[in-house]
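# this one's sequence-less:
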């Protein structure tokens, strides 16, 4: 037997490469099946989405006391009879409009003439159009006649047009019914699928749980219930909102006097399911009719004003109140999904693009192997605040980093931002440095970008008064540029709190009495790994060379790694910016040694 990687088979793909290839092959196969079987999958998709819309209504009827089967049959029959009635009304409206269009020909000709006169009068524009028409007749007409005559003289075949005899009664009936058979068949398939999906809802749910993973029923059930509830609320809210939008548009057009307002109201309700461009198309149709009907321009202006008022009101005021802050989809994902589903399933795919994509996003949020769908299509930030800050520090972009920091500072304090965002970002940098992925040059770049970002941050609304008579604070980087970056962060926070502080680089290895001001307070900044022996050594050296100096050890990685920080004889140990701020405030105000906050002291003592 040949094994994988045997020379007889040639070089084998790595495991990761095989997985990517299989995933790509599976995606291509799924898309191919969806495209080839669209006549089957489109009714099924419509039925599933309708089931999500009708499920809350059925639950209400069941709570009232109506048994399951009568509730399902009643809701489905009423829904489909209503849709069938709307389709009939829509067909009548279209027929009436087609019969009335010739009456508006004179108005359109007058408007075209007025626009043409405004553009160029009967001068250059009209003469140019007449010249082009004459040239076209000269090129086409005589040449075509000459070609026909020459062909007849030379014996070449002469084009002959064959006309079919008028169709009889059966032929006419067949021509009328043929275009209706496919929509009616699709309508019937959707009706049957919706009925059985709602009747067998629990059984289908149990089968899905079995397929998804019966080994963890609790998790699968919670995910399925959450997804079903979210999708049902969204689809029902979207249907209700778009129906209300179409009703308002229809009433407005009826008051304005646009013919067939019911038709345009229904069109507006349906087209609004199409993202972004649906409302524009819904407005263009009645605007064109108003342009043809009214000899003047007042009806056109009123129609345009109606859409310009109602659409922004619904889109920017009502929708956020109904859906929340967003639908859960990113704008790029909405556009991409609309393009994809339109290519795959045509106009029906365009109408279903947003609901289908939302289903994929909800699936990605609950199925670990499909998480990429949520990342690619959802509106949740793909990077956390600390990851985004670290990425911007690596890219050397202090402006975007400062903009994100300002947004965070609108709702949180600077100390909270340092502990929740900035320090975790520096810990990510230290993690990369520890495994050799971040060299010293890039560490210096991270530090310099962080300093530039801090310089771009706005000062507090009320500038604090520097503590008079307080001890000067020196923040000393223990080893690396990342230690210095954390020290810069602490000194900036102290300055914003009214405490004068100075950050010094790690090149100042020997801290002497000459370099340390009299009575100063030193903070040793450790982002790199800090052993207790090294902390004690540095603290004792400072105390020995400047007996009046206070010392605080800031071990920024102790809380992250879960290591127990201990109170040394020479210095207190803190692990967060807020703890450091509290200890420094106490020390600079009283002149005594630094002490951690009580909660931290108990944790340190327990360690």
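Yes, it's here. The structure displayed is predicted, hence computed values, not measured ones.
# show me the helices in the stretch 351-500 of the chain, by range?
Ranges of helices within the stretch 351-500 of the chain are 371-377, 385-395, 398-409, 414-417, 423-434, 440-456, 481-496, based on DSSP state H, counting those that start in this stretch.
# the stretch 151-300 of the chain too?
Going by DSSP H, counting those that start in this stretch, the stretch 151-300 of the chain shows helices at 169-199, 201-213, 217-256, 261-271, 278-293, 298-313.
# make CSV out of those helices and add mean pLDDT and distance to residue 330.
Every C-beta, even on glycine, is put in place using the N, C-alpha and C of the backbone. Formatted as CSV, those follow (pLDDT from 0 to 100; distance: least, C-beta to C-beta, whole Å):
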stretch, mean pLDDT, distance to residue 330
helix 169-199, 73, 29
helix 201-213, 75, 26
helix 217-256, 81, 16
helix 261-271, 87, 22
helix 278-293, 84, 18
helix 298-313, 89, 21
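# so who does the residue nearest to residue 351 when sequence neighbours are not counted touch?
Of all residues not flanking residue 351 in the chain, residue 273 sits nearest, at 4.9 Å (C-beta to C-beta, 6 or more residues apart in numbering). Counting by C-beta atoms under 8 Å, 6 or more residues apart in numbering, residue 273 touches 238, 242, 351, 354.
# looking at the helices of the stretch 151-300 of the chain, which is nearest to residue 25?
Shortest distance between residue 25 and the helices of the stretch 151-300 of the chain, using C-beta to C-beta, is found for helix 201-213: 21.3 Å.
# identify all contacting residues around that closest one.
So helix 201-213 is contacted by 51, 55, 197, 217, 219-221, 224, 367 (C-beta under 8 Å, 6+ apart).
# filter those residues to the buried ones?
Neighbour-count burial (16 or more other C-beta atoms under 10 Å) applied to the contacts of helix 201-213 gives 51, 55, 197, 220, 224, 367.
# quick check, the second one in contact with residue 198.
Yes - the pair residue 55 / residue 198 is scored as a contact, 6.9 Å apart, by C-beta atoms under 8 Å.
# how's the protein carved up into domains?
15-144+181-199, 217-377, 388-606 (automatic domain parsing).
# so how far is the shortest one from its chain's centroid?
The gap between where domain 15-144+181-199 is centred and where its chain is centred comes out at 26 Å by C-alpha atoms, centre = their mean, to the nearest Å.
# ditto for the second one
Centroid separation for domain 217-377 versus its chain: 16 Å, with C-alpha atoms, centre = their mean.
# start at 15 instead
OK, 15 is where the count begins now, so the last one is domain 231-391.
# in the stretch 15-164 of the chain, where is pLDDT below threshold?
15-31, 119, 121-123, 125-164 (pLDDT under 70).
# spit out the contact partners of residue 406.
Contacts for residue 406 (C-beta under 8 Å, 6+ apart) come out as 412, 414-415, 418, 463, 467.
# quick check, residue 97 in a strand?
No - Residue 97 is assigned helix when assessed by DSSP: H, G, I helix; E, B strand; the rest coil, not a strand.
# state the distance from it to residue 208.
Between residue 97 and residue 208 the computed distance is 11 Å (C-beta to C-beta, to the nearest Å).
# more neighbours, those two?
Neighbour count, other C-beta atoms under 10 Å: between residue 97 and residue 208, residue 208 has more, with 24 against 14.
# can you name the residues that contact residue 409?
By C-beta under 8 Å, 6+ apart, the contact list for residue 409 is empty.
# got it, and residue 537?
Contacts of residue 537 (C-beta under 8 Å, 6+ apart): 487-490, 501, 504, 565-568, 594, 598.
# can you list which of those residues are found in strands?
Applying DSSP state E to the contacts of residue 537, the entries found in strands are 487-490, 565-568.
# could you redo those residues as JSON lines and give each row distance to residue 452?
Compiled in JSON lines, the ones in strands among the contacts of residue 537 are given as follows (distance: C-beta to C-beta, whole Å):
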{"residue": "487", "distance to residue 452": "29"}
{"residue": "488", "distance to residue 452": "27"}
{"residue": "489", "distance to residue 452": "22"}
{"residue": "490", "distance to residue 452": "22"}
{"residue": "565", "distance to residue 452": "29"}
{"residue": "566", "distance to residue 452": "27"}
{"residue": "567", "distance to residue 452": "24"}
{"residue": "568", "distance to residue 452": "21"}
